[in-house]
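Participant: Sequence and predicted structure are below.
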Amino acid sequence: MIDVRPAALAGLVAMLVATVVVGVFARRYARTTSDFLVAARSVPPTANAAAISGEYLSAASFLGVAGLVMQYGYDALWYPVCYAAGYLVLLVFIAGPLRRFGAYTIPDFAEGRFASPGFRRLAVAFVVLIGLFYMLPQMKAAGITVETATGVPYPVGVAAVTVVVIAIVVAGGMRGVTIVQAMQFSVKLFAISVPLFILLFEFGTPWHIFATVGATRNPALTRPLTVAVQKGETWTLPSPLRLATDHPVSASERGGPPILLRSGSLAPAGTLVWRGSAQVTLAAGEVAPMNPQTPVNPSSTWLRPFGPLTGGSGQPVLYTYSLIIAILCGTMGLPHVLVRFYTNPDARAARRTAATVLVLVGVFYLWTPLWGALGRLMAPELYTTGLTDAVVLYLPRQALPHLLGAAVSGIVAAGAFAAFTATLSGLLISLAGAIGHDVYGRWLRPDASGASRRAAFRASAVGAGVVAAAAGLMVENFDISVLVGWAFAIAASSFFPLLVLGIWWRRLSVAGAAVGVAVGGASATVAIVTTMVGAGVPRLAGFLQAHSALGVILSQPGIVTIPLSFLAMVAVSLRTRAPANVPAAMLQLHVPDRLGLRRDYIRD
Amino acid sequence: MSAPLPLPPRSAPELRDLEEQTQVGEVLLRALMRRQLRLSVLIIAVLVVLLAAQPLLAWVWPSYADIHVLSIPLPWLVLGVGSYPVLVLLGIIYVRAAETIDSEFGDLLRR
C-alpha cells in the first residue's frame, strides 16, 4: 500500500480553495442586513434545495450512516430513510405557513405567534442548546477526517476546520453560504456515488456482495492484520482465533483464569481481556475480533431486522418505533434547517423547495448502505480497530490499486470536508443569528444601526465557533451517534410540537407552549443523560437491562417525550387564554401569497 | 405585529372580511385551514402506515426477511431503495393538492 496522504490532503485543500473562492465571490453581493441574513429572498428553488441538502447532509450522513450499516446491518437503514422522511413531515406541516409568516428563525415565529418576548428567550435558549449539541459530532468528524488525511493530531484538525468555517460565515453571511452549500451538495453526491461505482466495478454487483455476505457466518479478514493491544483492552471473539504475538502475553476470559498467548495460540471464542500489551498479528481468513463498542453480529442477524441495534434492548419493535418517530419529528426542530426556507420568495416556492430536497437527499442516501455492506466484506479489520465510522474514508485506499486508490481517497476526503463544513457553517449562522439578532439586536441594543448589527452577527459567529470547537476537543472519545441522537430527540420533543400546534391550533397559549417546550425538551435531555450515566454505573445498567421497556424509553425517548410535550401544551392551553393576536397570526400563516397579506420581519 | 396590515390595491369585499376578521372572514379562514390540515394529516398518515408496517410485518411474520430478490433480502430493498421514490411521490402529490386548495380559495375571494 502506498501512502495516500498526499492525495487525501490534496482533496481537502481543493475543497478548501473552492469554498473560499466561491465564498469571496459571493461576498460582493452581500450588502445589506437582509442580504446577509436571508439572501434577499432571491434564491431560486432548485439552488435553494441544493443548498438545503448541502447543509443537511452532515458528517453523520456522509460518514456515519455507512459506518452504522457496517456495524448493525438492516436496522441502521432506518436512519437514512427517516432523515429523508423528516423533510416530508416538514414540507406538509410547516414549510408554506412559516414562509408566509415572514419570520426567519424559530424565536421569530415564537414571538410573532404569541406576542411574548419572554417566550422568545426560551426559544433562543433551546436554539443555542440544540445547535451546540449538533455541532459536537461535526467537530469530531472534522478532527478525525483531517487527522486521517494529514496525520496532524485531532485538536489541530478541529481548530483548522473551525477557523475555515468562521471565515466563511463572517465573510459572506448566508448569501455566500447559499452558493457554497449548493456547490458542497454536488461535491458530496459525487463523492458518495462515483467512488462507490468504482469499488463496485472492482468487486462485483450489489447482489454479488449480498450473496457473499450471506454465505459467510462472520466477517473474515481479507488480509493479515497487525494491531497493538493495550493492557485491559477487551476483544469479543465470534469463534476461536489463531493468533501470533511479538512476545508471550497473558489474557483471560472475563473473570476466568489467565491463559498465556504466544505465536500460534488458539484463543477461545468469547470475551478476551488482555492482561498485557503486545503486537498481535492475525492471518487473512481469521474471523475479525470485535472491539468493545462493536456487538457480535453474524450475517444471519446483520441481514435481518431486529439485530443488536434494536433487538439488543429486548424490545425491538418499541425501539424501532421510537427511533422512527424521533428522527421524523426532529428534522424540523433543527435550528439551521428552518432558516433556509425564508430564502424562498414565497410559500409556493418554499413548498417546491422542500419537495426538491426530497429528491436530492433521496438520491444521496440511496448509496450509503452499500458502503456499509462493502465495508463488511472488504474491511472487517475496522470491527477490530473500532473505526467503522471511517469506512468511507478507508475503503478506497485499502481496497483499490495504488494510483486509483489514492485518487479516490482524495475524492472522499473532499466529500467529508464538504459534509462537516456545510453543516457547521449552517449551524454557526443560526447561532450567530440567534445571539447577534436576539441577544444583541433586541435586548441589549434595540436601537442599534444596521452596521453594528452586522458587527454583532460576526462577533457572535466567532464566539459560538470558538465555544463549539472547545467543546469539540472534549468529545473525541464520545460516540457520534449518541450526540446526533440527543440533538434530534431534544428538537423533536420541544420545537416540533411548538411549530405544529402553533401553526394549526388557535387555542395554543403562550403558557401552554412554554410549558410544553420546557417539559418535552427537559424530559428528553434527562432520559438520555440517564442512559449515558447508566452505561458507566453497573447497578443502573443492570436495572435498565431487567426493565427493558424503561431502558428503551430512556435511551430512545421520543416515543414518550414527544406526546408528553403535546399533552402539556394542550392541557395548559385549555386552562389559559390564547393570545389576542391569534386571528391576525392565522391570517398571515394561512392565507395564500397572491392575496397580498404577507409581511416580512426583515426589511432593508 | 400589532400594526395594521397593509391592504392590497384591489381588495374584494371578502378579502376585507378576512383582514377585519369579521365572522364571514373567520368562517372562510377556518375552512381553508381545515382543508389544508386534512391534506397534511392524510399524507403523513400514509407515510407513517408505510413505515410502521415494516417492523410489524417483520415481527409477526419473520420469514419476510427470508425472501430474496437477486440475493438481496427483500426488507433491504423495500426500506433502503423503495422508500425514496415513495417519499418523492408523496411530496409531489402534496404540493399539487396544497396549491389547488390555495388557488380555489383565491378564486372564491376574487369572484
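Facilitator: Arrived safely, thanks for sending.
Participant: wait, does the strand or helix carrying A:F197 make contact with chain B?
Facilitator: Assigned by DSSP states H and E, A:F197 belongs to helix A:154-203. No: using CB under 8 Å from any CB of the partner chain, helix A:154-203 stays clear of chain B, with a minimum separation of 13.5 Å. No exception for glycine: its C-beta is placed from N, CA and C like everyone else's.
Participant: Report the mean confidence score over the helix or strand following that helix.
Facilitator: The helix or strand immediately downstream of helix A:154-203 is helix A:206-215, counting by DSSP H and E. Averaging pLDDT along helix A:206-215 yields 88.
Participant: if we can go back for a sec, measure how the helix holding A:F197 sits relative to helix A:206-215, angle-wise.
Facilitator: On the basis of axes from the mean of the first three to the mean of the last three CA atoms, to 10 degrees, helix A:154-203 is oriented at 100 degrees to helix A:206-215.
Participant: roughly how far out does helix A:154-203 sit from the chain middle?
Facilitator: 14 Å (CA atoms, centre = their mean, to the nearest Å).
Participant: Return the residues of the stretch 201-350 of chain A in contact with chain B.
Facilitator: Contact residues (CB under 8 Å from any CB) of the stretch 201-350 of chain A with chain B: A:206-208, A:210-211, A:214, A:303-306, A:316-317, A:320-321, A:324, A:348.
Participant: Now, of these, which are buried?
Facilitator: Neighbour counting over these (16 or more other CB atoms under 10 Å in any protein chain shown) leaves A:206, A:210, A:214, A:303-306, A:316-317, A:320-321, A:324, A:348 as the buried ones.
Participant: Show me which of the residues you listed is closest to A:A171.
Facilitator: Using CB to CB, A:R348 is the member of those that lies nearest A:A171, at 31.9 Å.
Participant: quick one: which helix or strand includes the closest one?
Facilitator: Using DSSP H and E, A:R348 sits in helix A:347-365.
Participant: do A:I259 as well
Facilitator: Per DSSP H and E, A:I259 falls inside strand A:258-261.
Participant: Packing partners of that strand?
Facilitator: When contacts are defined as 3 or more CB pairs under 8 Å, 6 or more residues apart in numbering or on different chains; DSSP states H and E, strand A:258-261 sits against strand A:249-253, strand A:265-267.
Participant: what's the spacing between the first one and its chain's center?
Facilitator: What that stands for is strand A:249-253. Distance of strand A:249-253 from its chain centroid, counting by CA atoms, centre = their mean, is 38 Å.
Participant: now do stretch B:51-60
Facilitator: 24 Å.
Participant: Check stretch A:100-114 too.
Facilitator: 25 Å.
Participant: If you average the pLDDT over that stretch, what comes out?
Facilitator: For stretch A:100-114, mean pLDDT is 81.
Participant: looking only at pLDDT, what's the mean for the strand holding A:I259?
Facilitator: Averaged across strand A:258-261, the pLDDT comes to 83.
Participant: Direction included, what does that strand pair against?
Facilitator: According to DSSP bridges, strand A:258-261 forms sheet pairs with strand A:249-253 (antiparallel).
Participant: Following the chain onward from the longest helix seen in chain B, which element is next?
Facilitator: If you go by DSSP state H, chain B has its longest helix at helix B:23-60. Downstream of helix B:23-60, the first helix or strand assigned by DSSP H and E is strand B:68-69.
Participant: where does chain A have low pLDDT?
Facilitator: For chain A, the stretches with pLDDT under 70 are A:1-5, A:20, A:23-43, A:172-177, A:342, A:476-482, A:535-536, A:594-604.
Participant: domains for it, by residue range?
Facilitator: Residue ranges for each domain of chain A read A:5-205+A:304-595, A:221-301, as given by automatic domain parsing.
Participant: Distance-wise, check the closest residue to chain B within the stretch 351-500 of chain A relative to A:T178.
Facilitator: The stretch 351-500 of chain A approaches chain B most closely through A:G362 (3.4 Å), counting by CB to the nearest CB. Note on A:G362: its distance to A:T178, by CB to CB, to the nearest Å, is 21 Å.
Participant: who's more crowded, the two?
Facilitator: A side-by-side neighbour count of A:G362 and A:T178, using other CB atoms under 10 Å in any protein chain shown, places A:T178 first with 25 against 22.
Participant: My guess is the more buried one contacts A:T343. True?
Facilitator: Yes: with contact defined as CB atoms under 8 Å, A:T178 reaches A:T343; the gap is 6.5 Å.
Participant: rewinding a little: what's the average pLDDT for the longest helix of chain B?
Facilitator: Averaged across helix B:23-60, the pLDDT comes to 90.
Participant: mind checking which of the domains of chain A is nearest B:L77?
Facilitator: Taking CB to CB, domain A:5-205+A:304-595 is the member of the domains of chain A nearest to B:L77, at 10.4 Å.
Participant: Distance from the chain centre to the closest one, please.
Facilitator: In terms of CA atoms, centre = their mean, the centre of domain A:5-205+A:304-595 is set 6 Å apart from its chain centre.
Participant: Could you report the separation of the residue sitting furthest away from the middle of chain B from A:T216?
Facilitator: Counting by CA atoms, centre = their mean, the extreme residue of chain B relative to its mean C-alpha position is B:S71, 36.5 Å from that point. Distance, B:S71 to A:T216, by CB to CB: 13 Å.
Participant: One more: B:M33?
Facilitator: Going from B:M33 to A:T216 by CB to CB gives 57 Å.
Participant: How about A:W367?
Facilitator: The span separating A:W367 from A:T216 equals 23 Å under the rule CB to CB.
Participant: on that earlier part again, which among the helices and strands packed on strand A:258-261 is found nearest to A:L550?
Facilitator: strand A:249-253 (30.7 Å).
Participant: Could I get the contacting residues of residue 94?
Facilitator: Unless you meant another one, I'm taking chain A. A:I94 makes contacts with A:332, A:338, A:499-500, A:503, as judged by CB atoms under 8 Å, 6 or more residues apart in numbering or on different chains.
Participant: Not quite, go with chain B.
Facilitator: Counted by CB under 8 Å, 6+ apart, B:Y94 has contacts A:88, A:91-92, A:351, A:355, B:39-40, B:43.
Participant: so A:A228 is in which element?
Facilitator: For A:A228, the host element (DSSP H and E) is strand A:225-229.
Participant: neighbouring strands for that strand, and are they parallel or not?
Facilitator: Paired neighbours of strand A:225-229 in the sheet (DSSP bridges): strand A:278-282 (antiparallel).
Participant: With that, I have no additional questions.
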